[in-house]
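*Asks:* sequence? don't have it. structure:
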């Protein structure tokens, strides 16, 4: 008889493979092999590449500043160490899934015994960035509603709302069950670490997170503009917010599926405007590479 642990370990690779196959098949169905073989990257993109690379440096510098500001209540770290931690976390996130690699990589550059509290701050930062992405993503969602997705999105919204409500109720039940146990003490340490974050630092962190989102969006906006898609800036902005929203809410099992989700959501959105898939995949792929 196969144990539950072995069953789970065999199911996860199947899910990973299936998700990659579905995304890959969709993108393949939208692409023409003959077009890809003859495709030439526009010279304008090569000319703007140094500017895009500088924006990427600015992006990761903002991420390092965010991490430095957020961890001030636990440990005073320099910008250089914060930057190294961010890059280390980025490298590990390609190997360790579900955001754990990012947190582990950053821990190596924090000189403190409060490892649990530091990890909790990392998840707090991720939650704030998620809420910012979600807020901007509403614009992209409403744009899709105008394009004729009202029924599907209403069902999607209802389904997500039910799922969130269920998770909240489940979390409350688990909290009540575990409140007198050792786990409660563990969770209490996390909550206390969040309380130590000063409101001024939290406001600064939110500002930096919003600025980082804007820089990231501006990079993709430049790439789309250089492709001469024939779309207005408002449509491009709606598409960008939808892409980032999809990348955030759709679970990625590894960096390959994360890449596929970005391309999948981009091609799906701009297919309403009959834009060739290769003209959409190139900018999103370049953004991932830089």
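*Replies:* Perfect, thanks for sending it. Worth saying up front: this structure is predicted, and the values here are computed from it rather than measured. Numbering: from 1, shown residues only.

*Asks:* do a quick rundown of the helices in the stretch 101-250 of the chain.
*Replies:* Assigned by DSSP state H, counting those that start in this stretch, the helices in the stretch 101-250 of the chain fall at 115-144, 150-178, 182-195, 199-226, 233-249.

*Asks:* now stretch 244-252: average pLDDT?
*Replies:* The predicted model gives stretch 244-252 an average pLDDT of 78.

*Asks:* mind listing what's buried along that stretch?
*Replies:* 244-248, 250, 252 (16 or more other C-beta atoms under 10 Å). All C-beta atoms are positioned from the backbone trio N, CA, C, and that covers glycine.

*Asks:* how about stretch 44-55?
*Replies:* Buried residues in stretch 44-55, counted by 16+ other C-beta under 10 Å: 45, 48, 52, 55.

*Asks:* can you put those in CSV and add secondary structure and pLDDT?
*Replies:* As requested, those are exported to CSV (DSSP: H, G, I helix; E, B strand; the rest coil; pLDDT from 0 to 100):
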residue, secondary structure, pLDDT
45, helix, 80
48, helix, 87
52, helix, 92
55, helix, 94
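
*Asks:* just name the closest of those residues to residue 224, please.
*Replies:* Distance to residue 224, by C-beta to C-beta, is smallest for residue 45 among these, at 10.7 Å.

*Asks:* pLDDT weak spots in the stretch 1-150 of the chain?
*Replies:* Within the stretch 1-150 of the chain, the stretches falling below the threshold (pLDDT under 70) are 1-41, 94, 96-100, 113, 147-150.

*Asks:* which stretches of it form strands?
*Replies:* For the stretch 1-150 of the chain, applying DSSP state E, counting those that start in this stretch gives no strands.

*Asks:* residues near the nearest residue to residue 197 once chain neighbours are set aside, how many?
*Replies:* For residue 197, ignoring the flanking residues on the chain, the nearest one in space by C-beta to C-beta, 6 or more residues apart in numbering is residue 73 at 5.4 Å. Residue neighbour count, defined by other C-beta atoms under 10 Å, stands at 17 for residue 73.

*Asks:* please apply the same query to residue 223.
*Replies:* Residue crowding around residue 223 was assessed by other C-beta under 10 Å; the count is 22.

*Asks:* the residue nearest to residue 197 contacts residue 195, correct?
*Replies:* No. Between residue 73 and residue 195 no contact is recorded; they are 9.2 Å apart, counting by C-beta atoms under 8 Å.

*Asks:* how about the buried residues of stretch 244-252 in JSON lines, adding distance to residue 272?
*Replies:* Formatted as JSON lines, the buried residues of stretch 244-252 follow (distance: C-beta to C-beta, whole Å):
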{"residue": "244", "distance to residue 272": "18"}
{"residue": "245", "distance to residue 272": "16"}
{"residue": "246", "distance to residue 272": "14"}
{"residue": "247", "distance to residue 272": "19"}
{"residue": "248", "distance to residue 272": "21"}
{"residue": "250", "distance to residue 272": "19"}
{"residue": "252", "distance to residue 272": "24"}
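
*Asks:* and of those residues, the nearest to residue 103?
*Replies:* Within these, the smallest distance to residue 103 is 15.9 Å, found for residue 252 (C-beta to C-beta).

*Asks:* surely residue 210 and residue 133 touch.
*Replies:* No. Proximity of residue 210 to residue 133 does not meet the contact threshold set by C-beta under 8 Å, at 10.1 Å.

*Asks:* of these two, which one has the most company?
*Replies:* Set side by side, residue 210 and residue 133 show more neighbours around residue 133, with 20 against 16, by other C-beta under 10 Å.

*Asks:* run through the residues that contact the more buried one.
*Replies:* Under the criterion of C-beta atoms under 8 Å, 6 or more residues apart in numbering, the contact list for residue 133 reads 213, 244-245, 248.

*Asks:* one more pass at 6 Å, please.
*Replies:* Contacts of residue 133 were listed using C-beta atoms under 6 Å, 6 or more residues apart in numbering, and they are 244, 248.

*Asks:* from here on, count from 23
*Replies:* New numbering, starting at 23: the last item is residue 155.

*Asks:* how near is it to residue 250?
*Replies:* According to C-beta to C-beta, to the nearest Å, residue 155 stands 27 Å off from residue 250.
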